[in-house]
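Asks: Sequence and computational prediction follow.
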Amino acid sequence: MTDLVSNLSLGLQVALSLKNLGLCFLGCLIGTLIGVLPGVGPIATITMLLPITFGLDPVGALIMLAGIYYGAQYGGSTTAILVNIPGEATSVVTTLDGHQMAKQGRAGVALGIAAIGSFIAGCVATVIIAAMAAPLTKMALLFGPADYFSLMVLGLMFAVVLARGSVVKAIGVILVGILLSTVGTDLESGEERLTFGWSEISDGLDVAVVAMGMFGFAEILRNLESTQARDVVHAAIGNLLPNRKDFGQAAAPIARGTILGSILGLLPGNGAVLGPFASYTLEKKLAKDGSRFGKGAIEGVAGPESANNAGAQTAFIPLLTLGIPPNAVMALMVGAMTIHGIVPGPQIMTKQPQLFWGMIASMWIGNLMLLIINLPLIGLWVRLLKVPYRLMFPSIVLLCCIGIYSINNSPTEVIMTAGFGIFGYALLKFGLEPAPLLLGFVLGRLMEEKLRQALVISRGSFSTFVDCQLWSGACARPLSTGLLVLSAIIVVIAVLPSIRKSRDEVFVED
Amino acid sequence: MLKRVASALAGLACLVAASLPAAAEYPERPITMIVPFAAGGPTDIIARIVGEHMAKTLGQAVVVENVAGAGGTTGSTRAAQAKPDGYTIMMGHMGTHGAAPALYPNLKYDPAKDFAPVGLAAGTPILIVAKKDFPAKDLKEFVAYVKANEGKVNEAHAGVGSVSFTTCTLLQSIMGTKTGRVAYRGTGPVLNDLVAGQVDFACDQIVNLVSQIQSGNIKVYAIATEQRSDTLPNVPTSKEAGLPEFQVSAWNAIFAPKGTAPEIVAKLNAALVKALDDENTRKRLLELGSVIPDTAGRSSDALHKLVESEVARWTPVLKAAGVTAN
């Protein structure tokens, strides 16, 4: 315990130096401003801004990058709430209730609770990292390809069971999502799949392209249908900040979201993406009146936003303790460290305690700064909603195009986004929901990868996923087995007619 | 043959140069260095370290532009098709200018013919590593064990076309084995599952592995270079350990588009050589575990020969393994 205190005070000394404080603030601010561009998520933002940190000292560079990361992460939620455009996969869930709140004139409350929930989650996750990083690392190593595959199956079950309308439609939409995720070069054989010889998509479809098209562009197309719908967003502004009643409703979801997000964030291969979805599902199940969800329930913003931020934070654990990046953002961080002559690895904690603890302390400071930057900005964002739709929608389209273009400097992707916009609009017209499709798209790629890895390792034996003997209770893969059993239980519940009647509507679009 | 191609190239370059205004003042604006991989990877880091010093010599900024995709061939295609005015150059490597023709049947450039080679920048040694409780004690035992347990052992690699994939394909062909080959997306997840013991062995660049080796999370059997590395002095070379055929380095080198004036190529080469002699630049490269080429290995000619020999070397190995990345 005394170790922890002295370590943290060392970290604070580093992080609180005027220069590092300034870098942290600058990072958060730039991250927020660029991340608020629709479609520009943390990966794109960090890639763009990575070179500007090369001139700094290692600690300062990492603190600034971490700030950019939090800022960009939060920026994605802002667009999700205001204009129904998720900046990245993890803010898809926020569009469901967040944008509904905005339409009801509660955009300020939604943004406020998202910022406050994120701050609380960030604080808790920082303490978890400081106190338990080393033991938690083992958890990341427990998950082999087979277990990971089963976790993805469970994730998809959430989407099947809780999507609105018929189970058949939900499964259909998810399968289309998985199908889209298989576009591109095959991981094992190197053959191109579903690319029709088109080299632009040989690396697969970008999640930002699919998400922006199906949410952003499709939403704009639909709004153009009727004059009435165009004006709902700026009908009323209401409270700028959440009041006591809002806090009361949001407190428990924030706590639960933080825990869920923290755990999922630890997993390698972007497990954090499941956090918001899992949190939303949980809140919906626990709520007394589940029907409020999808119509602007504050719990549906508070929980997932907290899970999102907690996961973003705990994703640092495998990087800091093992030197192994669990996702693409962290891989960029490794690059930044290497370029400064720091080889990330298990010895960082002992060899460079200043860097290690300085970064952890800066995580907390970064979260605080995010709150300080964003609370005053809420008023500005909300006022943006007052802009007449005839001016707003061309600017949204323009910003979307800039955002998409800047990810890979590719004009083709801008056109593809437009294509997905029309596709998403068609789905809406047929009463199909884009959110489960996107979840299928994001999880599909991971699922296929892990399935094939597990099958290569087991030489094609599917029993690797449930390697258990009932009579002796011996289990070679208890995690995978447990997750699959849980998935099966969820499916059974879904098909039981009595339960189906009360089946909730998670992915309600309007 | 080699000489003929070289002289043809030189002739062509002269022709183009003659039609251009005098390049005496080159460079008069910033130079773009295309790195065909994501920012932060080994090639990107070497490009930035070397580029920083070259900029000082040339008196103009060297701006790194990351054009990632399709195993580095997207960025290389763009560089090959760029205007040959010396303002667009690229950092290529073993994959883009050695293995690519075998892996990508529809490759839009010829590594040997569509570029004016500038010079070799740095090589990154390849290591053979395994999970920490892998039964073999040394490389000889490793080879024997893998041969005896082909059906059980699994190799992990970072995706078709990656350095870890190509180098381990060579290793498997030398050993005459066909183990399970588990594909991951990138080096990070490979390391994760190797440390966790989900897979058995891998080949990869030293910079990605040093800290895991030093902390005992993974075992190392050999380094595939002529000499031992200062970073890991206890690791025997593949020659010492009994597998002399396994000599491989993930080399990185600067290329200009075909038709770039020889004076410009010479100027770029001089700036590169100066960077490689600079103490600070050397120190940073050596910290990464890189091998800096000797004086003879830094010339444009040497690079041209290297590219031809690498294409000739990788093509049969990869074709035999039956993979394409297209």
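Replies: Looks like it came in fine. Residues are numbered from 1 along each chain as shown, chains lettered A, B, ... in the order given.
Asks: list the contacts for residue 43?
Replies: No chain in the question, so chain A it is. Neighbouring residues of A:Ile43 by C-beta atoms under 8 Å, 6 or more residues apart in numbering or on different chains: A:88, A:328-329, A:332. For every residue, glycine as well, the C-beta is placed using N, CA and C.
Asks: wrong chain, I was asking about chain B
Replies: B:35-37, B:72, B:91, B:93, B:252.
Asks: which one of these is nearest A:Leu96?
Replies: Nearest to A:Leu96 among these, counting by C-beta to C-beta, is B:Phe37 at 36.8 Å.
Asks: Help me confirm that the closest one is found in a helix?
Replies: No: applying DSSP: H, G, I helix; E, B strand; the rest coil, one finds B:Phe37 to be coil, outside a helix.
Asks: need the contact list for it.
Replies: For B:Phe37, the contacting residues are B:43-44, B:66, B:68, B:72, B:75, by C-beta under 8 Å, 6+ apart.
Asks: The same query, at a cut-off of 6 Å, please.
Replies: B:Phe37 makes contact with B:43-44, B:68, B:72, according to C-beta atoms under 6 Å, 6 or more residues apart in numbering or on different chains.
Asks: how about those in CSV, adding pLDDT?
Replies: Below are the contacts of B:Phe37 laid out as CSV (pLDDT from 0 to 100):
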residue, pLDDT
B:Thr43, 89
B:Asp44, 87
B:Ala68, 78
B:Gly72, 87
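Asks: out of everything not next to it in sequence, what's closest to the residue of chain A found nearest chain B?
Replies: At 1.5 Å from chain B, A:Gly335 is the closest residue in chain A, using C-beta to the nearest C-beta. Distances taken as C-beta to C-beta, 6 or more residues apart in numbering or on different chains place B:Gly40 nearest to A:Gly335, at 1.5 Å, with adjacent residues excluded.
Asks: Just the closest residue of chain B to chain A, please.
Replies: Residue of chain B nearest chain A, by C-beta to the nearest C-beta: B:Gly40 (1.5 Å).
Asks: Test my guess that that residue contacts A:Leu332.
Replies: Yes: counting by C-beta atoms under 6 Å, B:Gly40 touches A:Leu332, with 5.0 Å between them.
Asks: circling back: closest to A:Arg244 out of the contacts of A:Ile43?
Replies: Minimum distance to A:Arg244 across those is 32.0 Å, recorded for A:Glu88 (C-beta to C-beta).
Asks: Name the residues of the stretch 151-300 of chain A found near chain B, please.
Replies: For the stretch 151-300 of chain A, the contact set with chain B under C-beta under 6 Å from any C-beta of the partner chain comprises A:187-188, A:190, A:202-203, A:268.
Asks: pLDDT wise, what is A:Gly238 at?
Replies: The model reports A:Gly238 with a pLDDT of 62.
Asks: Give me the neighbour count for A:Arg193.
Replies: The number of residues packed near A:Arg193 is 13, by other C-beta atoms under 10 Å in any protein chain shown.
Asks: again, but for the one 5 residues further on
Replies: As a burial measure, A:Trp198 scores 11 neighbours (other C-beta under 10 Å).
Asks: Over to the one 5 residues further on?
Replies: By the measure other C-beta under 10 Å, the count of residues near A:Asp203 is 18.
Asks: Quick check: the closest residue to it other than its chain neighbours vs B:Tyr104, distance?
Replies: In this structure, A:Asp203 finds its nearest non-sequential neighbour in B:Gly69, 5.0 Å apart by C-beta to C-beta, 6+ apart. B:Gly69 sits 12 Å away from B:Tyr104, going by C-beta to C-beta, to the nearest Å.
Asks: How about B:Val235?
Replies: To B:Tyr104, B:Val235 is 33 Å away according to C-beta to C-beta.
Asks: and what of B:Ser309?
Replies: Counting by C-beta to C-beta, the gap from B:Ser309 to B:Tyr104 is 19 Å.
Asks: which of the two has more neighbours?
Replies: Neighbours were counted for B:Ser309 and for B:Tyr104 using other C-beta under 10 Å; B:Tyr104 has more, 21 against 13.
Asks: Which parts of the stretch 401-510 of chain A are helices?
Replies: For the stretch 401-510 of chain A, the helices defined by DSSP state H, counting those that start in this stretch cover A:411-429, A:434-457, A:478-495, A:497-501.
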